[in-house]
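Undergrad: coordinates for the following, if possible.
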Amino acid sequence: MADYVPVTKAVVPAAGLGTRFLPATKATPKEMLPIVDKPAIQYVVEEAVSAGLSDVLMVTGRSKRSIEDHFDRAYELEETLDAKGDKERLAQVRESADLAMLHYVRQGEPRGLGHAILCAKHHVGDEPFACLLGDDLIDPRDPLLQRMIEVRGTYGGSVVALMEVPPSQVSMYGCAAIEPTGEDDVVRVTDLVEKPPADEAPSNWAVIGRYVIDPAVFEVLENTPPGRGGEIQITDALKELAGRDAEAGGPVHGVLFRGRRYDTGNKLDYLRTVVQFAAERPDLAGEFIPWLKEFLATRT
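TA: As a prediction, this is how the structure comes out:
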């Protein structure tokens, strides 16, 4: 393995148009849609910080200014809350601004996830980095990202998060061909296929939105032609790295994740996520769960 370099930076692609949530996302970024009372993107930044990554780069696009505003100070609001003596809400408002050192770069045009990650090249430099997609929320009780960083420290190269999905769903994900290692939750990735038909998938282990990536990916992405959907796919770049040795930026390993993941990428899964989060909130569950049971009883 090449000399160990710690992972200190996180990249959060947030340039998507959010067309599945129109008209709500016409003027509001989908990343700012609330999960109960906190925008989805804040949960992602909190996860990065919990894994020890306090340097976070957001890859944004047009009409995403509210993301920057959310993680900035809101002095007039803070002064109003302070004057009212509302210490609890004041702390909540300040929390997002104090989470991490936030940086921003614009993608410019929507050319795919691989291109969004390539936009981080100058900020990341020659260091490994984590990439967290905002559509996937990982329960803080399941420290997936920390485990992925540990695996990177052991094996070098890049690490993807893999979750087993039913055969009927493999066409929605990038899927991995895998080989066992000496660890139950770690596999060697030998191939990656983006959104394959069920009968062509190399396995039922799908790549979900967490990556720890070797900086060699930037050189690969610069030479990766558009793939599925006419976009530059990170799957294609990682497939290239999977065939390399440690001196050239490889290999690629996968962490088999069997924990709690919440999807916010479409309306139905978003609603499920909101209900699950609300049902586990101590300040809401006592009233929300009985109401939900009563509501459901009237619908059957």
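Undergrad: from here on, just use CA atoms for contacts and neighbour counts.
TA: Fine.
Undergrad: distance between the ends of stretch 138-148?
TA: End-to-end span of stretch 138-148 (Cα to Cα, to the nearest Å): 13 Å.
Undergrad: now do the buried residues in that stretch.
TA: Using 16 or more other Cα atoms under 10 Å as the test for burial, stretch 138-148 gives 138, 144, 145, 146, 147, 148.
Undergrad: how far away from the center of its chain is that stretch?
TA: Centre-to-centre, stretch 138-148 and its host chain are 12 Å apart (Cα atoms, centre = their mean, to the nearest Å).
Undergrad: what average pLDDT does it get?
TA: Mean pLDDT, computed over stretch 138-148, is 95.
Undergrad: tell me the domain boundaries of the chain?
TA: The chain breaks down into these domains under automatic domain parsing: 9-265, 267-300.
Undergrad: now the last one: buried residues?
TA: This points to domain 267-300. Under 16+ other Cα under 10 Å, the buried positions of domain 267-300 are 270, 273, 274, 275, 277, 278, 279, 285, 288.
Undergrad: contacting residues around the second one?
TA: Contact analysis of residue 273 by Cα atoms under 8 Å, 6 or more residues apart in numbering lists 35, 262, 263, 264.
Undergrad: one more: the first one?
TA: Counting by Cα under 8 Å, 6+ apart, residue 270 makes contact with 263, 264.
Undergrad: after the helix or strand it falls within comes which helix or strand?
TA: Using DSSP states H and E, residue 270 sits in helix 267-279. Downstream of helix 267-279, the next assigned helix or strand under DSSP H and E is helix 282-298.
Undergrad: contacts for that next one next, please.
TA: Against helix 282-298 from outside (Cα under 8 Å, 6+ apart): 278, 279.
Undergrad: again with stretch 137-150
TA: 7, 40, 43-44, 47-48, 51, 159-161, 210-212, 255, 257, 259-264.
Undergrad: redo that, cut-off 7 Å
TA: When contacts are defined by Cα atoms under 7 Å, 6 or more residues apart in numbering, stretch 137-150 is touched by residues 7, 44, 47, 51, 159, 212, 255, 259, 260, 261, 262, 263.
Undergrad: what about it, how long is it end to end?
TA: 20 Å.
Undergrad: what are the boundaries of the helices in the protein?
TA: 40-50, 65-70, 75-84, 87-98, 113-118, 121-124, 144-155, 216-222, 234-242, 267-279, 282-298 (DSSP state H).
Undergrad: now the first one against helix 144-155, angle please.
TA: Right, the one you point to is helix 40-50. Helix 40-50 and helix 144-155 are oriented at 40 degrees to each other (axes from the mean of the first three to the mean of the last three Cα atoms, to 10 degrees).
Undergrad: pull out the buried residues from helix 40-50.
TA: Residues 40, 41, 42, 43, 44, 45, 46, 47, 48, 49 are the ones in helix 40-50 that count as buried (16+ other Cα under 10 Å).
Undergrad: residues in contact with it?
TA: 10, 31, 32, 33, 34, 100, 132, 134, 137, 140.
Undergrad: before we move on, the earlier item: from the contacts of stretch 137-150, pick the one nearest residue 75.
TA: Using Cα to Cα, residue 44 comes nearest to residue 75 of these, at 24.1 Å.
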